[in-house]
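Q: Sequence isn't available, so here's the structure alone:
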């Protein structure tokens, strides 16, 4: 018989208000449950259903949307963590849903293994990252969710479904990126490969050049991305390609200057000044972007793909057909230049190949992502509204875990398989046990 999971109930001694990483989403659940086993999670789901309470699982709160917010039962999966199995013959690793990406990467590296691709942060849980569509950049290698080979899911009736391309295939196609709408993921099996080296080359480049040569850079590099600094014509590019090694990471002083002092310490100070004195932002941006210098280093994948992110912000990101991305970015630049907007955060551009996940932002099409950010506590709606108008005109799909205003009617028009996902949701969760206001908006009733 399953043990009772750790529970905290709302009230004077109950769970405090939950906030996401950026602080823009808040919720006050009736109770918080931290199951130590899959059986405890199943029992928590059944009990919530009997009491008429909705259930949502939340990882580390790095999403900027209310995808995980609930006034019912909030499930914290952090006790369901760790590697369950490494199958070297199959080239897979099975990991519990609450495992943090940093811990997974460290454990894989210790065994001489690696994920093929990563996003740029490691603080998310594996289930949270995949359920919202976290991605990096890649010519052939896709999002973290696209690297899933099997998963287990607790459904609204408390069953545990085993899903892969051989078992419950329809569920597998959708639940790799399920936005928490189909059930609660308990474990994930990822494709892995022998540990390899990446050489990263970072280089400043003018906006006109990088946008004109965008397709060429994508074609010539395994992983290409760039950042444009608003109020300037300056960009910083990054190319990551496999190499024979050996590891040649940045020196400790250089790494501290680039990744801690400039990317976090000075950047924090610059954004604080910009928040207090918006008129200073264009001048600061021009000086800061001109201070960029080229550097090249080689290391194992997660050390190249990821970087510390301690300056908190709010973000919107849209996935565009790759052929439309540079036109949209040029229009965004023109909009910023003729407006009174003051933008202290760079705009990030990445790519992904087409994949076959039902509601993946790259589902069925070659994709480029454009992400806009604003420092936490700075008014962002005018900027995001202007950017979203441009992105939607070019057929953009909003990132499921980042700020946007789109609804089910719009999303059904940009996702050819939207109806397929909705029908599966009706079958697995007809009473919307896993629903919330965000899912009602983006998926419909």
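A: Good, I have the coordinates. Model, not experiment: these values are computed from the prediction.
Q: what about the most centrally placed residue in the chain, distance to residue 127?
A: The chain has residue 134 as the residue nearest its centroid, 2.8 Å off, counting by C-alpha atoms, centre = their mean. Using C-beta to C-beta, to the nearest Å, one gets 11 Å for the distance from residue 134 to residue 127. Placement of C-beta: from N, CA and C, glycine included.
Q: likewise residue 192?
A: When distances are taken as C-beta to C-beta, residue 192 and residue 127 turn out to be 17 Å apart.
Q: Looking at these two now, which is surrounded by more residues?
A: Counted by other C-beta atoms under 10 Å, residue 192 and residue 127 do not tie: residue 127 has more neighbours, with 27 against 23.
Q: For the more buried one, pull up the helix or strand it's in.
A: Here residue 127, judged by DSSP states H and E, is contained in helix 126-132.
Q: Can you list the strands that the very next helix or strand once past that helix pairs with?
A: Moving toward the C-terminus from helix 126-132, the first helix or strand encountered (DSSP H and E) is strand 148-154. Applying DSSP bridges to the sheet, strand 148-154 is found paired with strand 160-164 (antiparallel), strand 184-191 (antiparallel).
Q: need the strands for the stretch 1-150 of the chain, in chain order.
A: Listed in chain order, the strands found in the stretch 1-150 of the chain under DSSP state E, counting those that start in this stretch are 6-9, 18-19, 26-27, 31-34, 55-57, 73-75, 83-87, 92-96, 113-114, 148-154.
Q: Pipe those strands into TSV and attach mean neighbour count and distance to residue 121 per row.
A: Below are the strands of the stretch 1-150 of the chain laid out as TSV (neighbours: other C-beta atoms under 10 Å; distance: least, C-beta to C-beta, whole Å):
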stretch	mean neighbour count	distance to residue 121
strand 6-9	14	27
strand 18-19	16	18
strand 26-27	16	22
strand 31-34	21	23
strand 55-57	27	19
strand 73-75	25	22
strand 83-87	13	20
strand 92-96	22	17
strand 113-114	20	17
strand 148-154	22	19
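Q: of all those strands, which lies closest to residue 212?
A: Between residue 212 and these, the shortest separation by C-beta to C-beta is 33.8 Å, and it involves strand 113-114.
Q: Quickly run through the sheet partners of that closest one, with directions.
A: According to DSSP bridges, the neighbouring strands of strand 113-114, each with its direction, are strand 193-194 (antiparallel).
Q: For residue 59, give its distance to residue 76.
A: In this structure, residue 59 and residue 76 are 8 Å apart, going by C-beta to C-beta.
Q: Revised request: answer the last question for residue 56.
A: As judged by C-beta to C-beta, residue 56 and residue 76 stand 10 Å apart.
Q: show me what contacts the residue lying closest to the residue nearest to the centre of the chain once chain neighbours are set aside?
A: The spatially closest residue to residue 134, leaving aside those adjacent along the chain, is residue 119, at 4.6 Å (C-beta to C-beta, 6 or more residues apart in numbering). With C-beta atoms under 8 Å, 6 or more residues apart in numbering as the criterion, the residues that contact residue 119 are 129, 134, 135, 136, 144, 305, 306.
Q: Among those residues, which one is most surrounded by other residues?
A: Counting neighbours by other C-beta under 10 Å, the top entry in these is residue 135, with 30 neighbours.
Q: Might one say that that one is in contact with residue 353?
A: No. With contact defined as C-beta atoms under 8 Å, residue 135 does not count as touching residue 353 (10.6 Å).
Q: residues shared between the contacts of these two?
A: 142, 362.
Q: So which residues of the stretch 151-300 of the chain form strands?
A: Using DSSP E, counting those that start in this stretch, the strands assigned to the stretch 151-300 of the chain run over residues 160-164, 184-191, 193-194, 197-206, 223-228, 234-243, 295-299.
Q: Return the distance of the fourth one from the chain's centre.
A: Computed by C-alpha atoms, centre = their mean, to the nearest Å, the chain-centroid distance of strand 197-206 equals 22 Å.
Q: Compute the inter-axis angle for it and strand 234-243.
A: Orientation check (axes from the mean of the first three to the mean of the last three C-alpha atoms, to 10 degrees): strand 197-206 against strand 234-243 gives 160 degrees.
Q: Would you list the strands that strand 197-206 pairs with, along with their directions?
A: strand 234-243 (antiparallel), strand 295-299 (antiparallel).
Q: That strand - what's its average pLDDT?
A: When the per-residue pLDDT values of strand 197-206 are averaged, the result is 96.
Q: could we number from 8 for the rest of this?
A: Got it, the first residue is 8 from now on, which makes the last one we talked about strand 204-213.
Q: could the strands of the stretch 8-157 of the chain go into TSV alongside distance to residue 395 and mean pLDDT?
A: Output for these, formatted as TSV (distance: least, C-beta to C-beta, whole Å; pLDDT from 0 to 100):
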stretch	distance to residue 395	mean pLDDT
strand 13-16	37	60
strand 25-26	24	95
strand 33-34	23	96
strand 38-41	33	96
strand 62-64	25	98
strand 80-82	29	98
strand 90-94	39	97
strand 99-103	35	98
strand 120-121	35	98
strand 155-161	29	98
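Q: Distance to residue 334 added to these, as a markdown table?
A: Below are these laid out as a markdown table (distance: least, C-beta to C-beta, whole Å):
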| stretch | distance to residue 334 |
| --- | --- |
| strand 13-16 | 50 |
| strand 25-26 | 37 |
| strand 33-34 | 37 |
| strand 38-41 | 46 |
| strand 62-64 | 38 |
| strand 80-82 | 42 |
| strand 90-94 | 44 |
| strand 99-103 | 40 |
| strand 120-121 | 35 |
| strand 155-161 | 33 |
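Q: related to what we said a few turns ago, mind putting the strands of the stretch 158-307 of the chain into TSV with distance to residue 88 and mean neighbour count?
A: Below are those laid out as TSV (distance: least, C-beta to C-beta, whole Å; neighbours: other C-beta atoms under 10 Å):
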stretch	distance to residue 88	mean neighbour count
strand 167-171	18	17
strand 191-198	10	24
strand 200-201	23	12
strand 204-213	27	18
strand 230-235	28	23
strand 241-250	28	19
strand 302-306	25	17
